[in-house]
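In: Fold the stuff below for me.
(one chain, ligands or ions: 2)
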Amino acid sequence: MTKRRVVVALGGNAILSKDASAQAQQEALRKTAKYLVQFVKQGDELVISHGNGPQVGNLLLQQAAGSTDTNPAMPIDTAVAMTQGSIGYWLQNAMREELTKAGLNKSVATVVTQVEVSETDHAFSDPSKPIGPFYSKEVAEQQHVEHPNYKYVEDAGRGYRRVVPSPKPVNVVEADVVEKLVDGGVIPVSVGGGGVPVVRVNDRLEGREAVIDKDFASEKLAEQIHADMLIILTAVDHVFVNFNTPQQKSLTNVTVPELKQYIQEGQFAKGSMLPKVQAAIDFVENTKHGKTVITSLENIGDFLARGEGTVINQIPENIMNK
Ligand SMILES: Nc1ncnc2c1ncn2[C@@H]1O[C@H](COP(=O)(O)OP(=O)(O)O)[C@@H](O)[C@H]1O
Ligand SMILES: NC(=O)OP(=O)(O)O
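Out: Ligands and ions are numbered 1, 2, ... in the order given. From the prediction side, this is the model:
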């Protein structure tokens with residue numbers, strides 16, 4: 001079997017359900033690791049990325065609550081780095097345990113990853129990335145009074161959340177390190193939480209207060225390390241058209257032009273499925289050889305065995321394989 005280089009982006013449900021304790025998140029990641037090890041068993045080179053929306057929002061609240069003049073709250077870029085460390089630590093151990101059980105001798109290492117963004121990205125003046133807990137409308141309004149510079153929006157019918165700027169990733173600074181780790185047989189955890197947002201100021205990298213979308217950052221990393229596949233894992237086995245209606249239909253093998261048509265029809269929810277589909281298209285278009293898969297953790301076995309899930313190619317899969 002040919003060895004493929006795959007970047008797997010973990011969705012929120014891979015880390016966190018309702019219980020935000022360290023113990024519950026570690027437990028969720030142990031289950032996640034069981035699924036991820038299937039790629040390694042099959043001989044694939046694996047790179048793991050993950051989100052941090054709930055975790056970075058919670059951390060910022062803790063920071064604000066305990067802040068004093070001598071022990072100030074950390075800015076968002078530093079909080080993103082802190083969540084890369086905590087989630088990376090949990091993932092390293094979860095993967096280590098499952099790799100050992102499977103008799104696989106592989107190391108896992110987390111790279112604190114910086115991602116360059118543009119200082120002029122319009123996202124800085126239009127916060128859109130939901131982080132942290134969900135609030136009722138009343139509580140969100142009260143929080144806004146206490147923190148007039150915080151913005152809260154309604155998130156897909158689930159309640160109100162704080163939103164922060166989410167600029168597009170331009171360059172993954174440590175991509176060369178990740179590539180060397182993969183070449184050396186290590187499983188890297190990288191661009192956690194979308195990466196630490198930085199801008200280049202002369203010769204320095206300066207952090208900016210933002211949270212990058214982890215699907216876009218994973219796409220950029222996959223391009224830069226010459227991955228064959230970008231796998232976006234979320235709570236659904238497939239991308240659907242007519243989602244949540246009686247006409248709902250799963251997309252199995254889909255081409256970029258078809259997806260673009262569906263985007264025009266407004267088939268994918270902004271802030272949930274749309275960025276995944278856009279990242280999928282970017283990877284396929286920017287690499288030519290690469291394909292993107294959107295599916296669930298639970299479906300990884302069926303994807304590896306039978307290609308099940310939503311598989312996105314530039315041209316139809318049956319033509320590509322001829
Ligand atoms: N057209 C669609 N097809 C499939 N899922 C969709 C669609 N539109 C919206 N969704 C929702 O998007 C969710 C994935 O987005 P989200 O929960 O933000 O991702 P993540 O897994 O990265 O945390 C799915 O679980 C599903 O509820
Ligand atoms: N950074 C990021 O995209 O996190 P979530 O996937 O948790 O929203």
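
In: The chain against ligand 2: which residues are in contact?
Out: 12, 51, 52, 53, 193, 194, 211, 213, 214 (CB under 6 Å from any ligand atom). Yep, even glycine has a C-beta here, placed from its N, CA and C like the rest.

In: Looking at those residues, which are in strands?
Out: Members of those lying in strands (criterion: DSSP state E): none.

In: Most neighbours out of the residues you listed, which is it?
Out: residue 194 (32 neighbours; other CB atoms under 10 Å).

In: my read: it touches residue 172, true?
Out: No - contact between residue 194 and residue 172 fails when scored by CB atoms under 8 Å: they sit 10.3 Å apart.

In: List the residues that contact whichever residue of the chain sits closest to ligand 2.
Out: Residue of the chain nearest ligand 2, by CB to the nearest ligand atom: residue 51 (2.4 Å). Residue 51 makes contact with 9, 10, 11, 12, 15, 193, 194, 214, according to CB atoms under 8 Å, 6 or more residues apart in numbering.

In: OK, contacts around the closest residue to the third one other than its chain neighbours?
Out: Nearest in space to residue 11, with sequence neighbours left out and distances taken as CB to CB, 6 or more residues apart in numbering, is residue 234 at 3.8 Å. In this structure, residue 234 makes contact with 11, 12, 13, 276, 294, 295, 296, judged by CB under 8 Å, 6+ apart.

In: Which stretches in the stretch 151-300 of the chain count as strands?
Out: 151-154, 160-164, 171-172, 187-189, 196-201, 204-207, 229-234, 239-241, 249-251, 253-255, 291-296 (DSSP state E, counting those that start in this stretch).

In: Any chance of JSON lines for the ones you listed, columns distance to residue 270 and mean pLDDT?
Out: As requested, the strands of the stretch 151-300 of the chain are exported to JSON lines (distance: least, CB to CB, whole Å; pLDDT from 0 to 100):
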{"stretch": "strand 151-154", "distance to residue 270": "11", "mean pLDDT": "94"}
{"stretch": "strand 160-164", "distance to residue 270": "12", "mean pLDDT": "95"}
{"stretch": "strand 171-172", "distance to residue 270": "25", "mean pLDDT": "98"}
{"stretch": "strand 187-189", "distance to residue 270": "28", "mean pLDDT": "98"}
{"stretch": "strand 196-201", "distance to residue 270": "21", "mean pLDDT": "98"}
{"stretch": "strand 204-207", "distance to residue 270": "27", "mean pLDDT": "98"}
{"stretch": "strand 229-234", "distance to residue 270": "15", "mean pLDDT": "98"}
{"stretch": "strand 239-241", "distance to residue 270": "14", "mean pLDDT": "97"}
{"stretch": "strand 249-251", "distance to residue 270": "18", "mean pLDDT": "97"}
{"stretch": "strand 253-255", "distance to residue 270": "19", "mean pLDDT": "96"}
{"stretch": "strand 291-296", "distance to residue 270": "16", "mean pLDDT": "97"}
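
In: could you redo the ones you listed as JSON lines and give each row distance to residue 27?
Out: Putting these into JSON lines (distance: least, CB to CB, whole Å) gives the following:
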{"stretch": "strand 151-154", "distance to residue 27": "30"}
{"stretch": "strand 160-164", "distance to residue 27": "24"}
{"stretch": "strand 171-172", "distance to residue 27": "30"}
{"stretch": "strand 187-189", "distance to residue 27": "18"}
{"stretch": "strand 196-201", "distance to residue 27": "27"}
{"stretch": "strand 204-207", "distance to residue 27": "32"}
{"stretch": "strand 229-234", "distance to residue 27": "18"}
{"stretch": "strand 239-241", "distance to residue 27": "28"}
{"stretch": "strand 249-251", "distance to residue 27": "30"}
{"stretch": "strand 253-255", "distance to residue 27": "34"}
{"stretch": "strand 291-296", "distance to residue 27": "18"}
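
In: among the contacts of residue 234, who's most crowded?
Out: The most neighbours of any of the contacts of residue 234, using other CB under 10 Å, belong to residue 294, which has 27 neighbours.

In: Endpoint to endpoint, stretch 269-277 covers what distance?
Out: 10 Å (CA to CA, to the nearest Å).

In: Please identify the buried residues of that stretch?
Out: By neighbour count, with 16 or more other CB atoms under 10 Å as the criterion, the buried positions of stretch 269-277 are 271, 272, 273, 275, 276, 277.

In: Now for residue 33: which residues touch it?
Out: Residues counted as contacts of residue 33 (CB under 8 Å, 6+ apart) are 91, 94, 95, 97, 98.

In: The third one falls within a strand, correct?
Out: No - with DSSP: H, G, I helix; E, B strand; the rest coil as the criterion, residue 95 is assigned helix and is not in a strand.

In: tell me, how many neighbours does it end up with?
Out: Using other CB under 10 Å, residue 95 has 26 other residues around it.

In: Good, wrapping up.
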